[in-house]
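S.K.: for reference, the sequence and a predicted model appear below.
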Amino acid sequence: MYIFGPINSRRFGLSLGIDLSPGVKQCNYDCVYCELSAKKALSTAKDLLDFDELIKELKQAFEKGLEFDFITLTANGEPSLYPRLQELILAIKKIKKDKKLLILSNGSAVLDKDKFKALLDLDVVKFSLDSAFPKTFFRIDKALKSINLELMIEKMSEFSFAFKGELVMEVLVVKGLNDNEKEFKALNEAFKKIRPKRVDISTIDRPPAYPVKGVSDESLTHLASFIDSVAVYIARRKPIKQNLDFNEAELLKMLSLRALSKEELHLRFSKKTAFLLDDLLNKKLVKAENLAGLVFYKA
């Protein structure tokens, strides 16, 4: 089977997944944090799925009346390696009705003009960028040596400019590799060029392929403070309620400097501050915006 779910995603709501490499890991990266077994990176997918059977399964999912928000292209590896990607995207668009079509990609597809073009037909695209420094990038992602990081960042920027949908970037933090101020200040500069709708920051929460470790939620919060060019969502492993009180001036100042997610605000704010936020929303001094499935508040 190629279709799985629907599953409830923290970042993209209720999602019906399509696995473009169900039989074996096929990826042009071999990330140290990958939950799949380590495997040499490859440039093309060799174990190919049955196109017609996939479309049949998707139509059956619609016939069952399943509730979901997104159709998500994913893989045991990199979904953009699927050679009939554009054909598949166009076929899904014909039957997807009001559902949004999303791909979870490492971002390398922008280096191929045909894949670049194919991804423009999606509603939401998620790219990964774990470092803006080549040395750290290759240490973490173990990508094919033919991948040029600087060029990939430039192409991501070109893609963002041409893309009519919503672009989301993701950073996965690995202890001792990209968990420092220098790395995140460089990432912030990259995101200024790329201009995504939001950036998701997370860390290892499943057994990884290599002997590496994640960082604490507190560290994620600290690192996120260096990203001021775009709204940031922190995927916390153990959310802790803080019940912080802010007055109107403090709240407006905070939300003018950085958009905060609904989840983040509910975790940090006291009931008193939450009521104040509602009042500011009613007064239109703060606005709520849906960024690729997550609500953010901004003054």
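M.R.: That came through, no problem.

S.K.: let me see the confidence value for the nearest residue to Ile147 once chain neighbours are set aside.
M.R.: If the residues on either side of it in the chain are set aside, Ile147 comes closest to Ser108, at 5.8 Å by C-beta to C-beta, 6 or more residues apart in numbering. C-beta coordinates here come from the backbone N, C-alpha and C atoms, glycine included. If you check Ser108, the pLDDT there is 96.

S.K.: quick one, what contacts Ser108?
M.R.: By C-beta atoms under 8 Å, 6 or more residues apart in numbering, the residues touching Ser108 are Asn28, Tyr29, Glu78, Ser80, Ala143, Ile147, Met152.

S.K.: please apply the same query to Lys175.
M.R.: Thr203, Val212, Lys213, Gly214, Val215 are the contacts of Lys175 under C-beta under 8 Å, 6+ apart.

S.K.: would you check that the first one makes contact with Gly214?
M.R.: Yes - the pair Thr203 / Gly214 is scored as a contact, 3.6 Å apart, by C-beta atoms under 8 Å.

S.K.: quick one: which of the two has more around it?
M.R.: Neighbour count, other C-beta atoms under 10 Å: between Thr203 and Gly214, Thr203 has more, with 23 against 20.

S.K.: before we move on, the earlier item: from Phe159, how far out is the residue nearest to Ile147?
M.R.: Separation of Ser108 from Phe159 (C-beta to C-beta, to the nearest Å): 12 Å.

S.K.: neighbour count, distance to Leu177 and pLDDT added to the contacts of Ser108, as TSV?
M.R.: Below are those laid out as TSV (neighbours: other C-beta atoms under 10 Å; distance: C-beta to C-beta, whole Å; pLDDT from 0 to 100):
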residue	neighbour count	distance to Leu177	pLDDT
Asn28	23	20	94
Tyr29	23	14	95
Glu78	27	20	94
Ser80	25	24	94
Ala143	22	14	95
Ile147	20	18	96
Met152	21	18	97
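
S.K.: helices - which of the residues you listed land there?
M.R.: Here DSSP state H is the test, and these give Met152 as lying in helices.

S.K.: export the contacts of Ser108 as TSV, with columns for distance to Glu57.
M.R.: Formatted as TSV, the contacts of Ser108 follow (distance: C-beta to C-beta, whole Å):
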residue	distance to Glu57
Asn28	26
Tyr29	27
Glu78	21
Ser80	20
Ala143	31
Ile147	32
Met152	33
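
S.K.: and which of the contacts of Ser108 is nearest to Arg10?
M.R.: Using C-beta to C-beta, Glu78 comes nearest to Arg10 of the contacts of Ser108, at 21.5 Å.

S.K.: spatially nearest residue to that closest one, not counting backbone neighbours?
M.R.: Cys27 (4.5 Å).

S.K.: for the stretch 101-250 of the chain, which spans come out with low pLDDT?
M.R.: 237-242 (pLDDT under 70).

S.K.: and the contacts of Lys175, which is closest to Lys135?
M.R.: Checking the contacts of Lys175 against Lys135 with C-beta to C-beta, the nearest one is Val212 at 16.0 Å.

S.K.: can you pull the contacts of that closest one?
M.R.: Residues in contact with Val212, defined by C-beta under 8 Å, 6+ apart, are Val32, Tyr33, Val174, Lys175, Gly176, Leu177, Ile204.
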